[in-house]
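Engineer: whatever this is, show me its structure:
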Amino acid sequence: MEPEPFDAIIIGTGQAGKPLALALARAGWKTAVIERRHVGGTCINVGCTPTKTMVASARVAWLARRAADYGVIVPEVTVDQVRVRARKRALVERFRDSGTDTLQKTGNLTLLFGVASFRDASVVEVRLQDGETRLLTAPKIVINTGGQPFVPPITGLSEVPFLDSTSVMELESTPSHLIVLGGGYVGLEFAQMFRRFGAQVTVIERDRRLIAREDPDISSAVQEILVQEGLRIETGTDVERVAAAAAGGIRVDVVHDGAARSIVGSHLLVAIGRRPSTQELELEAAGIAVDKAGYISVDETLQTSVPGVWAVGDVKGGPAFTHIAYDDHRILRDRWLHGRDARVTGRMVPNTTFIDPQLGRIGLSESEAERQGRKVRVAKIPMSGFARALETDEPRGLIKVVIDAGTDHILGCAVLGIEGGEIMSMIQIAMMGDLPYTALKEAIFAHPTLAEGLNNVFLALDA
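Structural biologist: Below you'll find the predicted structure:
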């Protein structure tokens, strides 16, 4: 069988692969796109879209229970998990179908549903869903196969019906007691979500604090908020084994400061990271190098160890965020279609953790700045310093901005508060424009808005 020639082959339709395929095809490139199952990648199918849809449902339940705080009397609040799931599924299908339709209607673009694997560095075999096999070849091949939940080697885990970040969203009823392994971004989003749905929730984290990438004061504030909502947080705790509980459910045997004990719950969610989806690609056939964790190694232009093959999105490791995958597509688009020397070097990596209140992060933390030997000033106030937060009865959290002491330029910030991601993005724009913090300190923002609170943040430096 002679391989069918294309100008570009893209494996995967995530937030890098799909827009890149459309850009190339619309520029006249004969482009093949291979998707194993559903168009849209992790974000649309099992990540951002479904989780944030369910986070929104959980927030409504929480606000309804707090209605009396606002002078509004609401009868007893109950959660219909099946309807929550149906709402989530409907939005996922809407986004997925729209993406599929766009790809199928674009000229110069062939969308194939099947499993892709390398025959060699320039030939890709596709085992189609209907059983047929096709061979494709192109001078440019892009891998965008993403990642999947990591299953840690915990004794007994394979013998119990544990949940991951995908299967937990398919539950038909709210767990009576959900045990969450992992106190990072994903684990905490689900932990708070199901607590608000009505579950008892225990979070087990090996590190001494939650979200260890953040400064200790930010981690502590996050934990305080979650504990206030009734979550049980077990930090500095190692999991020894899991097993079926004698009375039903799942038993997790843990050790904390040398003391062993057991925690029993109805359900177990494992949220301890992700791994690259490369198992079916046959990377060795093309000679594509991976790092010790199995992620595809790339240079700053996203090219792999093999000329003519690139990797984008989560499969290459690094920050596993949708917006970073999308920026990967822009780098290749600009290099190939516009002749620009686009690279990953020096790009900003904002992110928002959708606990409630949100945790928005951009740039350096105070700890990171200190490790780099930078001389900094830190502006920090509680969210109760924002009039709008008080008016909406959302005063929890804090904002912390790290500033270069010599230039007055903003190096980074963490915003734990109502619409923390949006406030963080405003500070990011100031960083993009290379503005000193004083530009925000003296700016006129509409009253009463959350943005206006930025005046107060930087006034704290004058105290």
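Engineer: show me what contacts the closest residue to M1 other than its chain neighbours?
Structural biologist: Spatial nearest neighbour of M1, chain neighbours left out: L135 (5.3 Å); criterion: C-beta to C-beta, 6 or more residues apart in numbering. The way it works is simple: take the backbone N, C-alpha and C, and place the C-beta from them, glycine included. Shown in contact with L135 (C-beta atoms under 8 Å, 6 or more residues apart in numbering): 1-4, 119, 123-126.
Engineer: now that we have the residues you listed, which of them are buried?
Structural biologist: Among the contacts of L135, the ones that count as buried by 16 or more other C-beta atoms under 10 Å are 3, 123-126.
Engineer: circling back: assign the residue nearest to M1 to helix, strand or coil.
Structural biologist: strand (DSSP: H, G, I helix; E, B strand; the rest coil).
Engineer: let me know the pLDDT of the most centrally placed residue in the chain.
Structural biologist: Residue closest to the average C-alpha location in the chain (C-alpha atoms, centre = their mean): F321, at 4.9 Å. Looking at F321, its pLDDT reads 94.
Engineer: burial of the closest residue to it other than its chain neighbours, as a residue count?
Structural biologist: Nearest residue to F321, sequence neighbours excluded (C-beta to C-beta, 6+ apart): N351, at 5.4 Å. N351 sits with 18 neighbouring residues when counted by other C-beta atoms under 10 Å.
Engineer: and T407, by the same measure?
Structural biologist: Neighbours of T407 using other C-beta under 10 Å come to 11.
Engineer: ok, now Y70?
Structural biologist: Neighbour tally, Y70, other C-beta under 10 Å: 11.
Engineer: now stretch 365-373: how far from the chain's centre is it?
Structural biologist: 24 Å (C-alpha atoms, centre = their mean, to the nearest Å).
Engineer: please identify the buried residues of the helix or strand hosting R94?
Structural biologist: Assigned by DSSP states H and E, R94 belongs to helix 81-105. Under the neighbour-count criterion of 16+ other C-beta under 10 Å, helix 81-105 has 81, 84-85, 87-88, 91-92, 95-96, 99-100, 103 buried.
Engineer: with respect to G346, which of those is nearest?
Structural biologist: The closest of the buried residues of helix 81-105 to G346 turns out to be G99 (C-beta to C-beta; 30.4 Å).
Engineer: thought P50 was touching V92?
Structural biologist: Yes: at 5.3 Å, P50 and V92 qualify as touching, with contact defined as C-beta atoms under 8 Å.
Engineer: which neighbours do these two have in common?
Structural biologist: Between them, P50 and V92 share no contacting residue, judged by C-beta under 8 Å, 6+ apart.
Engineer: please tell me I have it right and E280 contacts G114.
Structural biologist: No: the pair E280 / G114 is not scored as a contact, 10.4 Å apart, by C-beta under 8 Å.
Engineer: ok, now which ones touch the residue nearest to P50 when sequence neighbours are not counted?
Structural biologist: Once flanking residues are discounted, P50 sits nearest to K88: 4.7 Å by C-beta to C-beta, 6+ apart. For K88, the residues meeting the contact criterion (C-beta under 8 Å, 6+ apart) are 50, 53-54, 57, 169.
Engineer: pLDDT at T145, what is it?
Structural biologist: On the pLDDT scale, T145 gets 97.
Engineer: assign a three-state SS to it, would you?
Structural biologist: coil.
Engineer: returning to what we had before: ok, what's across the strand from the residue nearest to M1?
Structural biologist: E125 (DSSP bridges).
Engineer: residue boundaries of the helices in the stretch 351-463 of the chain?
Structural biologist: 366-371, 387-391, 420-432, 437-441, 453-459 (DSSP state H, counting those that start in this stretch).
Engineer: let me know the average pLDDT across the first one.
Structural biologist: So the one you mean is helix 366-371. The model assigns helix 366-371 a mean pLDDT of 97.
Engineer: list the buried residues in it.
Structural biologist: Using 16+ other C-beta under 10 Å as the test for burial, helix 366-371 gives 366, 369.
Engineer: export only the CA atoms of that helix, formatted as CSV.
Structural biologist: Listed next in CSV are the C-alpha coordinates belonging to helix 366-371 (Å, rounded to 0.1, in the frame of the first residue of the first chain):
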residue,chain,number,x,y,z
GLU,A,366,7.3,35.3,46.2
SER,A,367,9.1,32.1,46.9
GLU,A,368,10.2,31.7,43.3
ALA,A,369,11.5,35.3,43.2
GLU,A,370,13.5,34.7,46.3
ARG,A,371,15.0,31.5,44.9
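Engineer: name the helices or strands packed onto that helix?
Structural biologist: strand 376-382, strand 398-404, strand 410-417 (3 or more C-beta pairs under 8 Å, 6 or more residues apart in numbering; DSSP states H and E).
Engineer: where along the stretch 151-300 of the chain do the helices fall?
Structural biologist: Counting by DSSP H, counting those that start in this stretch, one finds helices in the stretch 151-300 of the chain at the ranges 185-197, 216-228, 283-286.
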